[in-house]
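[1] mind looking at a prediction? Sequence and model below.
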Amino acid sequence: MYAEDYTFFELMAVAGARELKDGEIVAVGIGLPVVASFLAKRTHAPHLTILFELGIVDPEPIHTGVGLADPRVWYRAKVMSSFVDMLGMVLHRGLVDVGFLGGLETDAYGNLNTTLLGDPKGKFTHFVGSGGANDIASSAKRVVIIIRHEARKLKEAVSFVTSPGYLRGNGAREAAGLPGGPVRVITDKAIFGFDPQSKRLRLESIHPRVTLEDVLASMSFRPLVPDQVPVTEPPTVEQIRLIREEIDPERIYAG
Amino acid sequence: MSKLATLAEAVASIPSGAHVALSGFAITRCNMAFAREVIRQGIRHLTVSQCVGAMDADLLVGAGAVDRMIYGGGSLDRFGRLNNVNRGIESGTLVAEEYSSLSVAFRYLAGALGLPFIPIRSLRGSDILARLQQIAPENVSTVQDPFTSEEWLALRPLVPDVAVVQVQVADEEGNAWIYGPRWDNEEQVKASQRVIVITEQLVPTEIIRRDPERTVIPGFKVSHVVHLPFSAHPTSVYRVYDYDAEHIREYAAATRTVEGFQAYLEKYVLGVRDHWEYLERVGGMKHLTSLLADPILGY
C-alpha cells in the first residue's frame, strides 16, 4: 500500500533504498544515504552489508550521530578497522557494489564537487574536499548521487571535479582508467539515469505532484528527456513507518 | 624502558619545520592538548598530515603553526567546516596538498612497508589530481604495470618525522591499544620515524601482555609516552568520553572570523598555563564528568 503522507526527503530515501539489492555491499557517508541503506536492510535487502570509510561494518545505531566521527554511528558494528581495510581491501579491491554520494554540485555527466565554489585559480570558497568520496566514485561498481534539486547544484559542468562521474562523456571515464560510474541521480523532484552512449544525464521519472516544467526550471542545463516520463513510485506505508519510527525517530537526518 | 614524559617535554622534542602525522578524524581522538602545547611553545613551519582533516590540525593552522597540510579533505562533521584550514587555503597562506582519504592512507601504507611508490585507482580524471600536479608534482606520477602494461597513477610514500597518536590505553614503553575504528592511525604510526603516544589511561606492561592482540602501536617505535586524561577534549575518545558539543559549537562559531579565533586562542590556549588549567577553564571536573562514556554505548 502506497503512502499518502510523506516528505520529499522520505521519497528520496526510499528511492535510494530501491537502488540496493539483497546481498550487495554499500559504502555510505552520513545523512540521507544512511537512512536509505538502513531502510533497504530492514525491507528487501536483509543481507546488505553497510560500510563506513573509517572502518565500520554493519552498525546498529540507536542514537543519531553528527557524522562519521560520532561513536553513536559505530554502535554494535560487526567490524571496527581502518581506511586501508574498508576503502582499500574492500573498495579498491572492487567489492563495493554501490556508493552513495552527495555534494555541493553535480553536472550533466555525474561529476561531483565537494571541494570549492568560485574560480579555482582565483577567488573561491573552500568547503570539505573529498574524504572517501573520490575513492568511492573511482572504484565502486555503481554510484548513486543524492542531491537537492536546485539550479546552482545541477550544472552543465561542475567548477571542480572532486569525484569523477563520466567526466565529459563519450568514453572519457574509461579512458581515465576508471570502471563503473554513476547510475542514478536522485533529487527532490526527479530521478535521472545516464544515456548509455553519450553518458549524459537523462530524466527517468518525475516525483508525484511535480511537473516536467518544475524539473527543468530548476536546473542550469537541459538533461535528455524521453517522450514518455513515468511518475516515481511513491513510498509504501511500511517504508514511511520504518523511517519515522525506527530509523530516524528524532528526525535528525530528515530535518 | 620507561618513556614517560610530560606533555611539555614530548612537544619540545619536535623541531620547527617537522612533518607531524596527527591521529584525529574530524571530531574524534584529536590531539587537542598536544596542539595547544605546540602553540604555547611557539613551534612553527610544521607539515601536518592526516587522512581526514580534523580539529587538531585546524587549531594548529589557525595559530599559524603550519606551512603545509597533506590531507584528504575534512570537517567538524555537522558542527561545521575547518574554517582555519579553509581560510588558509583561500588566502594562500597554507599550502594544501589535498588528496582523498584512501590516497593519503596509501601513501602512509607505502611508507610503512618501505615501498618506493604505490599505485592507486583513486584521483584519476579528477581536478584533485590536476591540482596536485601543480602544487606537489614530486608526489604524483604514473607507472606502467610490468605484467599487463596498464598505466597507473603512482604516489610517493609518506614518511612523517613523528606520528602523534591519541589512544585509550598504553604502558610506559608505549605499547598502545586503540579502541574502536583506527582510520589511518596504524599506517601513520608504522610509516613515521618515531611516535609520541598520548594516552588516557596508563597501565602496567603486564596488562598489555595479557591482551597483546590489541596492541596497535608497538613500543619500539615510540619515543615519548604522555599520560594525560581528557587530552582529546573537546573531541571524543571512544569508550572514555563523548565530544563536548557545546565547546565544539563555540569553536566553530569563533573560527568564522580571524578575530573570533584569536579570542578563542587567548582564552583557551595562550591564556592558560597548561592542560590542567585548560580543563578548569572549560568547566572543570563537574563538566568533564558529564562527558564520561557509558560503558555499554561507548559514548
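    Nice, I can see it. Numbers count the residues shown, from 1 in each chain, chains lettered A, B, ... in the order given.
[2] ok, and the closest non-adjacent residue to the residue of chain B found nearest chain A?
    Of all residues in chain B, residue B:73 sits closest to chain A, at 2.1 Å by CB to the nearest CB. All C-beta atoms are positioned from the backbone trio N, CA, C, and that covers glycine. Closest residue to residue B:73 apart from its sequence neighbours, by CB to CB, 6 or more residues apart in numbering or on different chains: residue A:129 at 2.1 Å.
[3] dump the residue contacts of that neighbour.
    By CB atoms under 8 Å, 6 or more residues apart in numbering or on different chains, the contact set of residue A:129 is A:114, A:115, A:162, B:53, B:71, B:72, B:73, B:74, B:98.
[4] which one of these is nearest to residue A:246?
    Nearest to residue A:246 among these is residue A:114, at 29.6 Å by CB to CB.
[5] my guess is the residue of chain B closest to chain A meets residue A:116, correct?
    No: using CB atoms under 8 Å, residue B:73 is not in contact with residue A:116, being 10.7 Å away.
[6] who has more neighbours, those two?
    residue B:73 (28 against 23; other CB atoms under 10 Å in any protein chain shown).
[7] so which bits of the stretch 101-250 of chain A are right by chain B?
    Along the stretch 101-250 of chain A, the residues adjacent to chain B under the rule CB under 8 Å from any CB of the partner chain are A:114-115, A:120, A:123-135, A:138-139, A:160-164, A:167, A:172-173, A:176-178.
[8] what do you get if the cut-off is 7 Å, keeping everything else the same?
    A:124-132, A:134-135, A:138-139, A:160-164, A:167, A:173, A:176-178 (CB under 7 Å from any CB of the partner chain).
[9] for chain B, what's the nearest residue on the stretch 151-255 of chain A?
    Chain B sits closest to residue A:176 of the stretch 151-255 of chain A, with a gap of 3.4 Å, by CB to the nearest CB.
[10] tabulate the contacts of residue A:129 (a markdown table), appending distance to residue B:177, secondary structure and pLDDT.
    Putting those into a markdown table (distance: CB to CB, whole Å; DSSP: H, G, I helix; E, B strand; the rest coil; pLDDT from 0 to 100) gives the following:
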| residue | distance to residue B:177 | secondary structure | pLDDT |
| --- | --- | --- | --- |
| A:114 | 34 | coil | 97 |
| A:115 | 36 | coil | 97 |
| A:162 | 35 | coil | 98 |
| B:53 | 25 | strand | 97 |
| B:71 | 25 | strand | 98 |
| B:72 | 25 | coil | 98 |
| B:73 | 28 | coil | 97 |
| B:74 | 25 | strand | 97 |
| B:98 | 32 | strand | 98 |
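[11] nearest to residue B:110, of these?
    Distance to residue B:110, by CB to CB, is smallest for residue B:72 among the contacts of residue A:129, at 15.3 Å.
[12] which residues in the stretch 51-200 of chain A form strands?
    Ranges of strands in the stretch 51-200 of chain A, per DSSP state E, counting those that start in this stretch, are A:56-57, A:79-80, A:98-101, A:105-107, A:112-113, A:116-118, A:124-126, A:142-146, A:154-155, A:182-186, A:190-194.
[13] these into JSON lines, with extra columns for mean pLDDT?
    Output for those, formatted as JSON lines (pLDDT from 0 to 100):
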{"stretch": "strand A:56-57", "mean pLDDT": "98"}
{"stretch": "strand A:79-80", "mean pLDDT": "98"}
{"stretch": "strand A:98-101", "mean pLDDT": "96"}
{"stretch": "strand A:105-107", "mean pLDDT": "98"}
{"stretch": "strand A:112-113", "mean pLDDT": "97"}
{"stretch": "strand A:116-118", "mean pLDDT": "96"}
{"stretch": "strand A:124-126", "mean pLDDT": "97"}
{"stretch": "strand A:142-146", "mean pLDDT": "97"}
{"stretch": "strand A:154-155", "mean pLDDT": "98"}
{"stretch": "strand A:182-186", "mean pLDDT": "98"}
{"stretch": "strand A:190-194", "mean pLDDT": "98"}
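[14] how long is stretch A:184-198 from one end to the other?
    The stretch stretch A:184-198 measures 15 Å between its terminal residues, going by CA to CA, to the nearest Å.
[15] so how far is that stretch from its chain's centroid?
    Distance of stretch A:184-198 from its chain centroid, counting by CA atoms, centre = their mean, to the nearest Å, is 11 Å.
[16] repeat that for stretch B:271-281.
    Worked out by CA atoms, centre = their mean, stretch B:271-281 lies 21 Å from the chain centre.
[17] buried ones in that stretch?
    B:272, B:275, B:278, B:279 (16 or more other CB atoms under 10 Å in any protein chain shown).
[18] tell me which residues form a beta bridge with the closest residue to residue B:131 other than its chain neighbours?
    Excluding the flanking residues, the one nearest residue B:131 by CB to CB, 6+ apart is residue B:98, at 6.8 Å. Counting by DSSP bridges, residue B:98 is bridged to residue B:71.
[19] surely residue B:98 and residue B:130 touch.
    No: here residue B:98 lies out of contact with residue B:130, judged by CB atoms under 7 Å, at a distance of 11.4 Å.
[20] hmm, back to that, what about the residue nearest to residue B:131, neighbour count?
    Using other CB under 10 Å, residue B:98 has 26 other residues around it.
[21] mind listing what it touches?
    Residue B:98 is in contact with A:129, B:71, B:73, B:128, B:131, counting by CB atoms under 7 Å, 6 or more residues apart in numbering or on different chains.
[22] three-state assignment of the fourth one?
    Okay, so that is residue B:128. helix (DSSP: H, G, I helix; E, B strand; the rest coil).
[23] in stretch A:109-128, what counts as buried?
    For stretch A:109-128, the neighbour count (16+ other CB under 10 Å) marks A:109-117, A:124, A:126-128 as buried.
[24] which residues touch residue 114?
    You didn't say which chain, so I picked chain A. Contact partners of residue A:114, counting by CB under 7 Å, 6+ apart, are A:103, A:104, A:127, A:128, A:129, A:130, A:133, A:162.
[25] wait, I meant chain B there
    By CB under 7 Å, 6+ apart, the contact set of residue B:114 is empty.
[26] mind checking pLDDT for it?
    In this model, residue B:114 is scored at 98, pLDDT.
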